[in-house]
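>>> Predicted coordinates and the sequence they were generated for:
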Amino acid sequence: SDHQLIYPPSPDQMDWSSLYPHYVVDEPQEDQPAPAEPESSPERDLAPLRPKRISADVEVADIGCGFGGLLIALAPTMPSTLILGLEIRVSVTQFVEDRIKALRAQNDAADLYRNVGVLRANTMKFLPNFFRKAQLAKIFICFPDPHFKTRKHKQRIVSTSLNSEYAYVLRPGGIVYTITDVPDLHEWMVQHFEAHPLFERVPEEEQEADPCVAIMRTETEEGKKVERHKGQKYVALYRRLEDPEW
Ligand code: SAM
């Protein structure tokens, strides 16, 4: 349940160092503020620890990353961009973490997979705790759970209010990538993004020219499953517009 989910009170307090250890910045000792109070004072014990800094920000997020196929395929195509998978299931998150560790070890000499990480999170609740406004360049929503029954629609990962959160964490010009094999869910996602004033659909020609689209179709675990069953895949990309001037 959410009680066991760990999330920072704000993005500035998020410690990314364990996810991206190769990006940790060695800060000189004198940069550390001297403790204002004696070691044992209660004020000091309650003060939050300053997170270790890393030299880049996460710019690509995979919402509900599952077993991590998209993350692993994207990582070498954008080697200097930090990519993060967010997944709610504990065992699946652990699996992806182990997968990344193994790939890093195997490809140590080539510096590969250092830019990819995974985090257990409920993205329907805590997205703005992890990312600052306009931090992200790309958000992937690949084969989200369809929640077929009408009374379950509120659990869908695309909705008017969630789209506002995606708009908040995405920079103007940033893109939300969606793909599903469920026609009704595709329609739902299209309707909700079309209705949102901060998104516009990316034209098909531009969509098909984007290398991330091919990766999303073929490298996600669900995409592979749909392929095996010779199913259809429905893609829609939405660009985050500039904030309107008041
Ligand atoms: N994107 C992957 C793919 O294409 O192969 C996995 C798709 S799977 C059908 C949907 C995933 O989203 C599951 O792994 C599920 O645990 C995860 N998920 C569902 N709700 C979530 C939430 N609120 N926050 C994070 N992950 C979630």
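Sure, I can see it. Note that the coordinates shown come from a computational prediction; the quantities given were computed from them, not determined experimentally.
>>> residues from the protein in reach of the ligand?
64-66, 69, 86-89, 92, 121-124, 142-145, 220-222 (C-beta under 6 Å from any ligand atom). All C-beta spots, glycine's among them, are computed from the backbone N, C-alpha and C.
>>> Out of those, name the ones that lie in strands.
Secondary structure from DSSP state E places 86, 87, 142 of the residues of the chain next to the ligand in strands.
>>> For the residue nearest to the last one when sequence neighbours are not counted, the count of nearby residues, please.
Sequence neighbours aside, residue 220 is the residue nearest to residue 142 in space, at 4.7 Å (criterion: C-beta to C-beta, 6 or more residues apart in numbering). Counted with other C-beta atoms under 10 Å, the neighbours of residue 220 add up to 25.
>>> before we move on, back to that, of the ones in strands among the residues of the chain next to the ligand, closest to the ligand?
Minimum distance to the ligand across those is 3.7 Å, recorded for residue 142 (C-beta to the nearest ligand atom).
>>> quick one: contacts for that closest one?
Residues counted as contacts of residue 142 (C-beta atoms under 8 Å, 6 or more residues apart in numbering) are 62, 64, 66, 70, 177, 178, 179, 216, 220, 222, 223.
>>> With distance to residue 129 and pLDDT as new columns, can these be given to me in JSON lines?
Formatted as JSON lines, these follow (distance: C-beta to C-beta, whole Å; pLDDT from 0 to 100):
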{"residue": "62", "distance to residue 129": "17", "pLDDT": "98"}
{"residue": "64", "distance to residue 129": "17", "pLDDT": "98"}
{"residue": "66", "distance to residue 129": "22", "pLDDT": "98"}
{"residue": "70", "distance to residue 129": "23", "pLDDT": "98"}
{"residue": "177", "distance to residue 129": "22", "pLDDT": "98"}
{"residue": "178", "distance to residue 129": "23", "pLDDT": "98"}
{"residue": "179", "distance to residue 129": "26", "pLDDT": "98"}
{"residue": "216", "distance to residue 129": "26", "pLDDT": "98"}
{"residue": "220", "distance to residue 129": "26", "pLDDT": "98"}
{"residue": "222", "distance to residue 129": "27", "pLDDT": "98"}
{"residue": "223", "distance to residue 129": "29", "pLDDT": "97"}
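>>> three-state assignment of residue 245?
coil (DSSP: H, G, I helix; E, B strand; the rest coil).
>>> now the longest strand seen in the chain, how far from the centre of its chain.
Secondary structure of the chain per DSSP E: the longest strand is strand 170-180. Computed by C-alpha atoms, centre = their mean, to the nearest Å, the chain-centroid distance of strand 170-180 equals 11 Å.
>>> how big is the angle separating the helix or strand following it from strand 170-180?
Sequence-wise, the next helix or strand downstream of strand 170-180 (DSSP states H and E) is helix 183-194. Put simply, helix 183-194 runs at 170 degrees to strand 170-180, going by axes from the mean of the first three to the mean of the last three C-alpha atoms, to 10 degrees.
>>> quick one: contacts of the helix or strand following helix 183-194?
Proceeding N to C from helix 183-194, the next assigned helix or strand is strand 199-201, under DSSP H and E. Contacts to strand 199-201, defined as C-beta under 8 Å, 6+ apart, come from residues 163, 167, 176, 190, 193, 194, 236, 237, 238, 239, 240, 241.
>>> could you redo these as a markdown table and give each row pLDDT?
Compiled in a markdown table, the contacts of strand 199-201 are given as follows (pLDDT from 0 to 100):
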| residue | pLDDT |
| --- | --- |
| 163 | 97 |
| 167 | 98 |
| 176 | 98 |
| 190 | 98 |
| 193 | 98 |
| 194 | 98 |
| 236 | 98 |
| 237 | 98 |
| 238 | 98 |
| 239 | 98 |
| 240 | 98 |
| 241 | 98 |
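>>> Thank you, goodbye.
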